[in-house]
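Enquirer: below: sequence and its predicted model.
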Amino acid sequence: MTMMFTRQQAAEAAAAAASERDTIQANLLDLDGGFGKQLLTGAQLAGVSKQRWDTASAALAGLWDIFNAYTAVIDQAGRLAAGHLGQRELTEISGLLTGPSVSIARAASARRDIADPGYDKVTLATARARMRDAFAAVTDVTSAAEEQWSSQAGRLDAAASALAVDPMGDAAVAADLASARAELDRLRGALNADPLGADVPAADRLRDRCQAVAARAASLAALRSGAGGEIAAIRALAESCRAAQASAAAAYQRAAARIAAVPPVPAAADPAPRLAELDGLLAAGRWDRLRSELDLLRQELTAVAGRFQVSERTLVSLLSQRDELRGLLDAYKAKAARLGAAEDSSLAGLYDNARALLWTAPCDLTAAAAAVTSYQQAVLAIGAR
């Protein structure tokens, strides 16, 4: 049932309707001028984006149709409210603002009745509800497209920034850069055509790939500027490795002369041929290969030097063990004398056996350690008695 306004209510209702219409219009204009809508209407869409925007754009066209019909009713009510407000005008304003006054076209149907006018008459409130639903459906699509495009564009911009490097004349790096640029162009085209179907993992992979290529190019640039110093450092490392080998070999000679069955010094290939190749790689400007060879030589020489150092420490410790056993034997001999057992024949036999093993070159360290332990236990047993 249509509500009947008083003169004051009619003026206030017409003004409120006009104000609400202006707010709706401002939001519609914001939507029309927004980046998401411009993005979708300005591209040759494909895939998910085309499917969703076809539906949303139809909803947007219908939304503007409803708004225009809605505006026409409000404008008519406003004109009436601005004039003489007699009973006829109040009745008409009341009908316009509270009754079914907005004509909204229905979708064409092949089974339409001959008497069907092809439109619905709805109230302003119903028209607003329909506009609100359509507005939400459209903004869902435009907002999602804008958010996805911005996020994906940021990834691709990071990839593009990483590609702005000099390949340093290296063919492999140049090929990787060209391949990455081609993939970047492909993903940009796909993003513009289908922002809602953007391949985020592919963009992440490309960004990581471009950053890796850029890091390689930067490493090669640093190598080119400091290649001579790096080669000199590798040669110095090789010399240190040779010194460690010589020191380990000397320790072996000392230990082998005094200790039986000492472990040999580990073998190592002569790095000289590979060191000689470095100058040729430098002269040819083969930076990627030079970087690889320098890194590999550094790792190998460091590892070999470490093995020589461990070998030397092991050999030195064998002599130290022999000397410690000698000291321990003498200490327990003194203890036996304090206990008055120096002339004990069985004890003397154990001592002589241990001493003979320890003072024989090369010394059987395992047998000598067992003999010292036997003598030690015998002295302790006498002490216990």
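Expert: Right, received. Where do you want to start?
Enquirer: C-terminal to the lengthiest helix in the chain, what's the next element?
Expert: Ranked by number of residues, the top helix in the chain under DSSP state H is helix 200-258. Proceeding C-terminally, helix 200-258 gives way to helix 272-284 as the next helix or strand, assigned by DSSP states H and E.
Enquirer: what is that next one packed up against?
Expert: Counting contacts by 3 or more CB pairs under 8 Å, 6 or more residues apart in numbering; DSSP states H and E, helix 272-284 packs against helix 200-258, helix 287-338. The C-beta positions use only the backbone N, C-alpha and C, and glycine is treated the same way.
Enquirer: contacts made by stretch 330-340 with the rest, please.
Expert: 342, 344, 347, 351, 372, 375-376, 379, 382-383 (CB atoms under 8 Å, 6 or more residues apart in numbering).
Enquirer: hmm, try it at 7 Å
Expert: When contacts are defined by CB atoms under 7 Å, 6 or more residues apart in numbering, stretch 330-340 is touched by residues 342, 347, 351, 375-376, 379, 382-383.
Enquirer: could you list the domains of this protein?
Expert: 7-151, 152-225 (automatic domain parsing).
Enquirer: hey, least reliable of the ones you listed by pLDDT?
Expert: Among the domains of the chain, domain 152-225 carries the lowest mean pLDDT, a mean of 86.
Enquirer: what about that one, how long is it end to end?
Expert: 36 Å (CA to CA, to the nearest Å).
Enquirer: what's the angle from the longest helix of the chain to helix 287-338?
Expert: 40 degrees (axes from the mean of the first three to the mean of the last three CA atoms, to 10 degrees).
Enquirer: now do the nearest residue to Gln321 once chain neighbours are set aside against Arg258, distance only.
Expert: Of all residues not flanking Gln321 in the chain, Leu365 sits nearest, at 6.2 Å (CB to CB, 6 or more residues apart in numbering). The gap separating Leu365 from Arg258 is 10 Å, by CB to CB, to the nearest Å.
Enquirer: overlap in contacts of these two?
Expert: Here Leu365 and Arg258 have Arg322 as joint contacts, going by CB under 7 Å, 6+ apart.
Enquirer: between the two, who's got more neighbours?
Expert: In this view Leu365 and Arg258 are compared by other CB atoms under 10 Å, and Leu365 has more residues nearby, 20 against 16.
Enquirer: tell me which of the domains of the chain sits nearest to Val304.
Expert: Ranking these by proximity to Val304 (CB to CB) places domain 152-225 first, at 23.2 Å.
Enquirer: centre of the chain to that closest one, how far?
Expert: When distances are taken as CA atoms, centre = their mean, to the nearest Å, domain 152-225 is centred 15 Å away from the chain's centroid.
Enquirer: tell me the angle the longest helix of the chain makes with helix 272-284.
Expert: Going by the same axes, to 10 degrees, helix 200-258 makes 140 degrees with helix 272-284.
Enquirer: quick one: list the elements packing against helix 200-258.
Expert: helix 124-162, helix 171-193, helix 272-284, helix 287-338 (3 or more CB pairs under 7 Å, 6 or more residues apart in numbering; DSSP states H and E).
Enquirer: okay if I get those helices as a markdown table plus mean neighbour count and distance to Gln8?
Expert: Output for these, formatted as a markdown table (neighbours: other CB atoms under 10 Å; distance: least, CB to CB, whole Å):
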| stretch | mean neighbour count | distance to Gln8 |
| --- | --- | --- |
| helix 124-162 | 18 | 19 |
| helix 171-193 | 16 | 56 |
| helix 272-284 | 13 | 95 |
| helix 287-338 | 17 | 86 |
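Enquirer: dump those into a markdown table; add distance to Met3 as well.
Expert: Formatted as a markdown table, those follow (distance: least, CB to CB, whole Å):
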| stretch | distance to Met3 |
| --- | --- |
| helix 124-162 | 12 |
| helix 171-193 | 52 |
| helix 272-284 | 93 |
| helix 287-338 | 84 |
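Enquirer: nearest to Leu96, of these?
Expert: Closest to Leu96 of the helices and strands packed on helix 200-258, according to CB to CB: helix 124-162, at 8.1 Å.
Enquirer: what about the closest one, distance to the chain center?
Expert: 27 Å.
Enquirer: could you do stretch 27-46 as well?
Expert: Mean C-alpha position of stretch 27-46 versus that of the full chain (CA atoms, centre = their mean) differs by 33 Å.
Enquirer: what's the answer for stretch 296-316, then?
Expert: The answer for stretch 296-316 is 36 Å, by CA atoms, centre = their mean.
Enquirer: who touches the residue sitting nearest the centre point of the chain in this structure?
Expert: Nearest to the mean C-alpha position of the chain, by CA atoms, centre = their mean, lies Asp208 at 7.4 Å. Contact analysis of Asp208 by CB under 7 Å, 6+ apart lists nothing.
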